[in-house]
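Colleague: Here's my sequence, what's the structure:
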Amino acid sequence: MGRQQTVAAAVLVLVLAGGAVLAGCGPKAEKVNGVQPATLVAVPGSTLHRVVLTPEAVSRLAVATTPVLRATGSGGLLRIPETALVYDPEGRPWTYTVPAPRTYLRVAVVVDRTENGQVLLRSGPPAGTPVVDVAAPELLGAEYGVGEE
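Modeller: Next comes the predicted model:
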């Protein structure tokens with residue numbers, strides 16, 4: 001793991017740990033008016049889950065997406081914004097795709113390098129696939145249960 005990846009993973013761990021600590025400082029966010037804002041749906045044959053948000057949760061998080069692009073002049077590498085890259089607790093890199101409305105699926109990526117706020121990938125979702133570039137860490141937190149008691 002390169003220095004930037006190590007730093008990004010450390011920052012994510014601190015953010016997630018801080019979120020867990022701060023979760024006890026205010027009202028519980030797990031349920032709003034008796035409704036669970038995020039539901040996890042198991043992906044058959046996998047350890048992954050789809051994160052399904054209520055319309056209110058999507059709006060509150062201001063979830064936004066951007067398509068995966070082919071990086072020009074890079075020998076076929078893919079490109080996503082740094083904000084679309086998350087690291088799991090083991091330090092593995094991922095991005096969230098949108099297989100259905102309000103549904104987000106974590107997909108493994110192989111990072112080649114980062115440049116000017118962009119991540120160049122050796123592998124990941126195909127070009128054109130929408131990935132979450134605003135609120136990806138919140139989706140990871142929902143999937144891993146960060147902030148729940």
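
Colleague: just the CA coordinates of stretch 83-91, formatted as PDB?
Modeller: Presented in PDB, the C-alpha positions along stretch 83-91 are these (Å, rounded to 0.1, in the frame of the first residue of the first chain):
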ATOM      1  CA  THR A  83     -14.200  11.400  -3.200                       C
ATOM      2  CA  ALA A  84     -15.600   8.200  -4.800                       C
ATOM      3  CA  LEU A  85     -12.900   6.000  -3.200                       C
ATOM      4  CA  VAL A  86     -13.400   4.400   0.300                       C
ATOM      5  CA  TYR A  87     -11.300   2.000   2.300                       C
ATOM      6  CA  ASP A  88     -12.800  -0.800   4.300                       C
ATOM      7  CA  PRO A  89     -11.600  -1.500   7.900                       C
ATOM      8  CA  GLU A  90      -8.900  -3.800   6.500                       C
ATOM      9  CA  GLY A  91      -7.600  -1.100   4.200                       C
END
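
Colleague: what about the strands in this structure?
Modeller: 38-42, 49-53, 64-67, 69-70, 78-81, 86-87, 93-100, 103-108, 110-115, 118-123, 130-134 (DSSP state E).

Colleague: Any chance of these in CSV with mean pLDDT and distance to G141 as columns?
Modeller: Any C-beta I mention is one placed from the backbone N, CA and C, and that applies to glycine too. Below are those laid out as CSV (pLDDT from 0 to 100; distance: least, Cβ to Cβ, whole Å):
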stretch, mean pLDDT, distance to G141
strand 38-42, 95, 9
strand 49-53, 97, 10
strand 64-67, 98, 17
strand 69-70, 96, 27
strand 78-81, 98, 19
strand 86-87, 98, 10
strand 93-100, 97, 12
strand 103-108, 98, 12
strand 110-115, 96, 21
strand 118-123, 97, 20
strand 130-134, 98, 13
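
Colleague: out of these, which comes closest to E143?
Modeller: strand 49-53 (5.4 Å; Cβ to Cβ).

Colleague: Sheet partners, orientation included, of that closest one?
Modeller: strand 38-42 (antiparallel), strand 103-108 (antiparallel) (DSSP bridges).

Colleague: Residues in contact with it: which ones?
Modeller: 37-43, 61, 63, 96, 99, 102-106, 139, 142-143 (Cβ atoms under 8 Å, 6 or more residues apart in numbering).
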